[in-house]
Each structure stands twice: as C-alpha cells, then as structure tokens.
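Q: only geometry, no sequence info:
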C-alpha cells in the first residue's frame, strides 16, 4: 500500500506549520542531500493563484535546510523566469534570508530515449527532487498536479516544442509526461491544494478554497488522491488515464492508504473542471511567441 498524507488547513500560515511533519513522513533523512525544490512557477500572470504559494515553498526550504540538506529552489516557467515569478509572489527576500539559492532551470541535457526531450541538468544532478505542485484545472489536461508539475524540468521553449511534436499523436504527449518520474532522480511530493484553481487553467482560472495539503513519496498516488477528493473518474483526466495505461500502482485508488484524513473528509462541491479540452499540440505561432519572449528576457538580463 502507498501512503498519502492529507491534512485540512484553514489558511496558508497553517499549511506552512504542517510542512515539517509532512516532510518528516515522506523524507525522514534529508541531511547532506542536494535537494531541488520544484514549485509550479507557470507564469507571471495571475502568479498569486497560478503558482505554488510562497508560504509552502519557504516552509519546505527552511525545514530541509534546518535538517542539513543543501537546498535549491528552481523551475523553468512557460513564460518568464523563476526569479521574476519569485519576486512577484514576494518569495525572493525570504529565500535570501534563508540562504537558499533560486534558479531558472537551464543547462538542457538530451534524453536519448525520447526524441526532442531535453531536461535541465540542474534537475538531473539533484540527489532528490521535492515536487511542490499546485492543484489546478487545466484547459488541455482538465486537472493537473504532481505528475504534470515535473514537466517544468524540461528547459525553456522546449516544453512548447514537445507539445507541438507529440500533442497530436494519441497518447504520446501524456506518455512522455508520465515517463518523467522514471527519468528524474527520486521525487517526493507535497501538493498545494489550499487555494486550488478551477474553471480553467493553468493560468487564468478562478480561486477555489479546498483547504487541502497532501504529501506522498509516490507522484501518481498524490494525483489519484486529488482526483478522489474531486470525485472525478480516471478516464476524465488524461494524465491519470495514462498513468493507468502505464500501470503506475499509485494510479489505482485501491492501492492507497490514508493514515491521516481520507479524500471523503474534504468538501469539493462546486469545483468546476473544463468541459471540452483544447488540443495538446501548440500552434506554430505559440512556439514563436514563446521563443521571442525568452530572447527578449535574455536580452534584458544581459
């Protein structure tokens, strides 16, 4: 059985207080590890809702640092830089005070088993990744959490390129996403489901207070628990369905154990998921826009 630890919280300060206990349950011995904290830094727009809350990131970073880990916070946003997003959500001064490094994931390394896939060496060289997804509706995937958040380890505009390369080939794109936990170093996961995003996403959705923070050593199990809370079926969620096709044990509810709260203990009434999904493949103009924006940001930094 796979443990998924769920807690109900009333706000983000309470969520931050719950982090040390949750981390100790899924990562009891972090000392001397090089740990990459991978939040969801999707974009500057609507960052206060679309990104993992800074209180969750800061609490995780402080606890791991206090337990003797070498901690870096990093992501490769769809648009912009991790540094700009951290500044927008007022995380930068907190990390600076903690002495925790903040980076935009770079140094692309080709993964020979997957055409077109380049993953940041910053992620591949970590001893362990602490995956901090935000629970969100998604216009292409209907619902995203822990598994999809690892896609941010793909560097820069290459994410959009993979959408274009694989998005119209059946299950090829979701298959690539679900392969990431097998390619990356060991991953443990804590989900920010306190103020989730619903109606649409991953950027322009609406706030839904769910009051949930969850943790698991199994990336697909945490997403399965979120699906159970929202009372959706696997076939409605492309990433969940793909995890089942790939025989992830954590994708099966009967394989999960809930030592704290159970999914039934949460009230998700009123949470709205997208109906008709947008194509997984991006248009060429989206690729060009993403590339030009990254070039412009690079020129500004230099």
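A: Here it is on my side, so go on. If you're wondering where the values come from, they're calculated on a predicted model, not measured in any experiment.
Q: In contact with residue 235, which residues?
A: residue 241 (C-beta atoms under 8 Å, 6 or more residues apart in numbering). For the C-beta atoms, the positions are set from N, CA and C on the backbone; glycine is no exception.
Q: Tell me how far it lies from residue 256.
A: 18 Å (C-beta to C-beta, to the nearest Å).
Q: Ok, residue 272 next?
A: Counting by C-beta to C-beta, the gap from residue 272 to residue 256 is 25 Å.
Q: And residue 19, by the same measure?
A: From residue 19 to residue 256 the distance is 21 Å (C-beta to C-beta).
Q: hey, what's residue 34 bridged with?
A: Judged by DSSP bridges, the bridge partners of residue 34 are residue 70.
Q: Do I have it right that it meets residue 127?
A: Yes - between residue 34 and residue 127 there is a contact under C-beta atoms under 8 Å: 4.6 Å.
Q: Confidence-wise, which helix or strand of the protein is lowest on average?
A: Ranked by mean pLDDT, DSSP states H and E, the weakest helix or strand in the chain is helix 284-301, scoring a mean of 51.
Q: ranges for the helices of this protein?
A: Assigned by DSSP state H, the chain shows helices spanning 12-26, 47-50, 54-66, 82-88, 92-98, 121-124, 146-149, 158-166, 172-183, 219-230, 238-245, 284-301.
Q: Can you tell me which of the ones you listed is most buried?
A: Comparing the helices of the chain on average neighbours per residue, with mean count of other C-beta atoms under 10 Å, the densest one is helix 146-149 at a mean of 28.
Q: In terms of secondary structure, what does that one contact?
A: strand 128-132, helix 172-183, helix 219-230, helix 238-245 (3 or more C-beta pairs under 8 Å, 6 or more residues apart in numbering; DSSP states H and E).
Q: List just the one of those that sits closest to residue 50.
A: Closest approach to residue 50 among those is made by strand 128-132 (13.5 Å; C-beta to C-beta).
Q: That closest one vs helix 54-66, what angle?
A: Calculated by axes from the mean of the first three to the mean of the last three C-alpha atoms, to 10 degrees, strand 128-132 forms an angle of 160 degrees with helix 54-66.
Q: Contacts for strand 128-132 next, please.
A: Residues outside strand 128-132 that contact it (C-beta under 8 Å, 6+ apart) are 23, 27, 30, 33-40, 52, 56-57, 60, 64, 123, 146, 149-150, 153, 184-192, 219.
Q: same question, stretch 9-24
A: Stretch 9-24 is contacted by residues 5, 7, 30, 53, 55-56, 58-60, 63-64, 130, 190, 192, 194-195, 211-213, 215 when judged by C-beta under 8 Å, 6+ apart.
Q: ok, now with 6 Å
A: Identification of contacts with stretch 9-24 by C-beta atoms under 6 Å, 6 or more residues apart in numbering yields 5, 7, 53, 55-56, 59-60, 63, 190, 194, 211, 213, 215.
Q: for the residues you listed, which one is nearest residue 116?
A: Comparing the contacts of stretch 9-24 against residue 116 with C-beta to C-beta places residue 190 closest, at 30.0 Å.
Q: Tell me, how many residues neighbour the closest one?
A: Using other C-beta atoms under 10 Å, residue 190 is surrounded by 29 other residues.
Q: which of the contacts of stretch 9-24 sit farthest apart?
A: Farthest pair in the contacts of stretch 9-24 (C-beta to C-beta) is 63 and 211. Separation: 21.0 Å.
Q: quick one: terminal-to-terminal distance for stretch 212-221?
A: Taking C-alpha to C-alpha, to the nearest Å, stretch 212-221 runs 15 Å from one end to the other.
Q: and it, average pLDDT?
A: Mean pLDDT, stretch 212-221: 99.
Q: is it true that residue 251 touches residue 243?
A: Yes - the pair residue 251 and residue 243 qualifies as a contact (C-beta atoms under 6 Å) at a distance of 3.7 Å.
Q: anything in contact with each of the two?
A: Taking C-beta under 6 Å, 6+ apart as the contact rule, residue 251 and residue 243 both touch residue 220.
Q: gap between residue 184 and residue 121?
A: Taking C-beta to C-beta, one finds residue 184 at 12 Å from residue 121.
Q: Pull the number of nearby residues for residue 68.
A: 11.
Q: Could you tell me what pLDDT the model assigned to it?
A: 98.
Q: Got phi/psi on it?
A: Dihedral angles of residue 68 (phi, psi; degrees, to the nearest 10) stand at phi 100, psi 10.
Q: In space, what's closest to it - neighbours in sequence excluded?
A: Leaving aside its sequence neighbours, residue 68 sits nearest to residue 31 (C-beta to C-beta, 6 or more residues apart in numbering; 3.4 Å).
Q: which phi and psi does that neighbour have?
A: With angles defined as degrees, to the nearest 10, residue 31 sits at phi -60, psi 140.
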